[in-house]
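>>> can you look at this prediction? I've put the sequence above it.
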Amino acid sequence: MKRFGELPIFALASLAVLLAAPLIGGGVSLSAVFYPLPADPASMIFWQIRLPRVLLGWIAGAGLAGAGMVFQAIFRNSLATPYTLGVSAGASLGAALGMRLGLGGLLLGFSAMNLGAIVGALVAIGLVYGLTRLRREC
């Protein structure tokens, strides 16, 4: 039986953690956050260092969760992960080939090694998906 009453509580709790996380572990006061002075170091630390890092971590975690959900939906297997499908190994192989071939520099703002990792991951997932489609036709 599903309980929908827990969803708003979870959403409020995660919002509270998101808002409180940049304040934890430092001497940043609430007055420096909500009433910043132009040259106040505590305000600068909060707005330019801590808050962007927390938001980026939150976005990265949501992206990874979404990618895992897509893997499980495509393959209709709740155990499908980047490790069991070989996507991580393909990305590692692509990055290693990029390093070994001495590909350097930037292409569209990305390093050649990062692009090699992306291509390796796409080739690996394409190979696995192609094999699953081939198996279904037999």
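Cool, got the structure.
>>> show me how far stretch 52-61 is from its chain's centre.
8 Å (Cα atoms, centre = their mean, to the nearest Å).
>>> buried sites along it?
residue 54 (16 or more other Cβ atoms under 10 Å). Just so you know, the C-beta spots here come from the backbone N, C-alpha and C atoms, and that holds for glycine as well.
>>> which stretches of the chain have low pLDDT?
Along the chain, the parts satisfying pLDDT under 70 run over 1-8, 10, 18-34, 36, 135-138.
>>> just give me the residue closest to the centre of it.
residue 60 (2.8 Å; Cα atoms, centre = their mean).
>>> what is the stretch of helix or strand that one belongs to packed up against?
In this assignment (DSSP states H and E), residue 60 forms part of helix 51-75. If contacts are counted by 3 or more Cβ pairs under 8 Å, 6 or more residues apart in numbering; DSSP states H and E, helix 51-75 sits against helix 6-20, helix 82-85, helix 112-137.
>>> how much space between the residue nearest to the centre of the chain and residue 100?
28 Å (Cβ to Cβ, to the nearest Å).
>>> next: residue 123.
Distance, residue 123 to residue 100, by Cβ to Cβ: 16 Å.
>>> thinking again about what came up before, can you redo the helices and strands packed on helix 51-75 as JSON lines with mean neighbour count and distance to residue 71?
Shown next, in JSON lines, are those (neighbours: other Cβ atoms under 10 Å; distance: least, Cβ to Cβ, whole Å):
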{"stretch": "helix 6-20", "mean neighbour count": "10", "distance to residue 71": "23"}
{"stretch": "helix 82-85", "mean neighbour count": "16", "distance to residue 71": "7"}
{"stretch": "helix 112-137", "mean neighbour count": "15", "distance to residue 71": "8"}
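>>> for residue 43, find the nearest of these.
Closest to residue 43 of the helices and strands packed on helix 51-75 is helix 6-20 (Cβ to Cβ; 15.9 Å).
>>> for residue 80, what are phi and psi?
phi -70, psi 120 (degrees, to the nearest 10).
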